[in-house]
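[1] would you be able to build a 3D model of this:
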Amino acid sequence: MTPERYQRIRAMLDARQTDLTICMENVHKPHNLSAIVRTCDAVGVDHVHAVWENYQDELRRGTATGSQNWVNVHNHENIDDAVAQMRNSGMQILATNLSESAVDFREIDYTKPTAILMGQEKYGISDKALSLADQDIIVPMVGMVQSLNVSVASALILYEAQRQRENAKMYQGPSSVPAEEQNRIMFEGGHPIFAEACRRKGLPIPQIDDEGQIIANDAWWAKMQMSKEAWDHLDDE
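    This is a model prediction of the structure:
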């Protein structure tokens, strides 16, 4: 890993907002999923949640989310489980929904731990999800349309959250990402070839030092350098 690469990943980790997240309820179009995850990465959100109508099918085929190397996508079978996990983390739950009780999304205090529920492209958020939310929010519009594309609405809300958090100096570090997770990201992002071989061979993730270099014993390096044929033969023994 070059010093420049190390510093870029280090700065990204220091800016991560571990108490801000998006929960996508049955958002199924790949370009929307990818756009939302990409925006999350851009504003420093490192974990997002996805609830699937056809949960097992989605797990089997995988989800096209674009920036998945930098943002973890947590899959849930139902909205109850997803919201329970976020609420257990002390987050306020916001739902994008046009209702009498909805407030302008810019009136929310996003410096608090926050989860934002985004609904399915055609039908929006389910009644069940709405019942679990603390507050409905809307993006005000003065034209003829009543709603925005889900990825566009997500971006507007997330960048308002970023604006508030930057003003509150919440992007200055040190990183709130757990040390073990930081090390994994450093390894996978800084040494992708070794990381792929590590996954393939089932080797433990090594430590990364303060210059971005791998710290591992001779046995780890010996296994890493084995050819595929030698590794397959070792597995057969």
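[2] what's near enough to touch residue 108?
    By Cβ atoms under 8 Å, 6 or more residues apart in numbering, the contact set of residue 108 is 94, 114, 135, 137, 160. The C-beta positions use only the backbone N, C-alpha and C, and glycine is treated the same way.
[3] how confident is the prediction for it, by pLDDT?
    Residue 108 carries a pLDDT score of 97 in this model.
[4] check the one 10 residues further on too.
    In the predicted model, residue 118 carries a pLDDT score of 91.
[5] next up, phi/psi of the residue nearest the centre of the chain, please.
    Among the residues of the chain, the one closest to the centroid is residue 47, at 2.8 Å (Cα atoms, centre = their mean). Per-residue torsions, residue 47: phi -140, psi 130 (degrees, to the nearest 10).
[6] ok, for it, nearest residue in space, not its chain neighbours?
    residue 72 (4.8 Å; Cβ to Cβ, 6 or more residues apart in numbering).
[7] surely the one you found and residue 46 touch.
    Yes: using Cβ atoms under 8 Å, residue 72 makes contact with residue 46 at a distance of 6.5 Å.
[8] distance of the closest residue to residue 26 other than its chain neighbours from residue 15?
    Of all residues not flanking residue 26 in the chain, residue 120 sits nearest, at 4.0 Å (Cβ to Cβ, 6+ apart). The gap separating residue 120 from residue 15 is 31 Å, by Cβ to Cβ, to the nearest Å.
[9] what sits against the residue nearest to residue 47?
    46-48.
[10] and what of residue 5?
    By Cβ under 8 Å, 6+ apart, the residues touching residue 5 are 189-190, 212.
[11] hang on, the earlier thing: which ones among the contacts of residue 108 lie within strands?
    In this view, the contacts of residue 108 that belong to strands under DSSP state E are 94, 114, 135, 137.
[12] bridging residues for the first one?
    Just to be clear, that refers to residue 94. Here residue 94 shows beta-bridge partners residue 116, residue 135, assigned using DSSP bridges.
[13] out of the ones in strands among the contacts of residue 108, which are buried?
    Buried members of these, counted by 16 or more other Cβ atoms under 10 Å: 94, 114, 137.
[14] residue 172 - how many residues pack around it?
    9 (other Cβ atoms under 10 Å).
[15] ok, now residue 207?
    The number of residues packed near residue 207 is 12, by other Cβ under 10 Å.
[16] coming back round to it: do you know the pLDDT at the residue nearest to residue 47?
    Residue 72 is assigned a pLDDT of 88 by the prediction.
[17] distance of it relative to residue 29?
    Taking Cβ to Cβ, one finds residue 72 at 21 Å from residue 29.
[18] cool, residue 43 as well?
    For residue 43, the distance to residue 29 (Cβ to Cβ) stands at 21 Å.
[19] returning to what we had before: out of the ones in strands among the contacts of residue 108, which comes closest to residue 21?
    Ranked by distance to residue 21 (Cβ to Cβ), those are led by residue 114 at 7.5 Å.
[20] and the next element down the chain from the least confident helix or strand in the chain by mean pLDDT?
    Sorting the helices and strands of the chain by mean pLDDT, DSSP states H and E puts helix 55-61 at the bottom, at a mean of 52. From helix 55-61 onward toward the C-terminus, using DSSP states H and E, the following helix or strand is strand 72-76.
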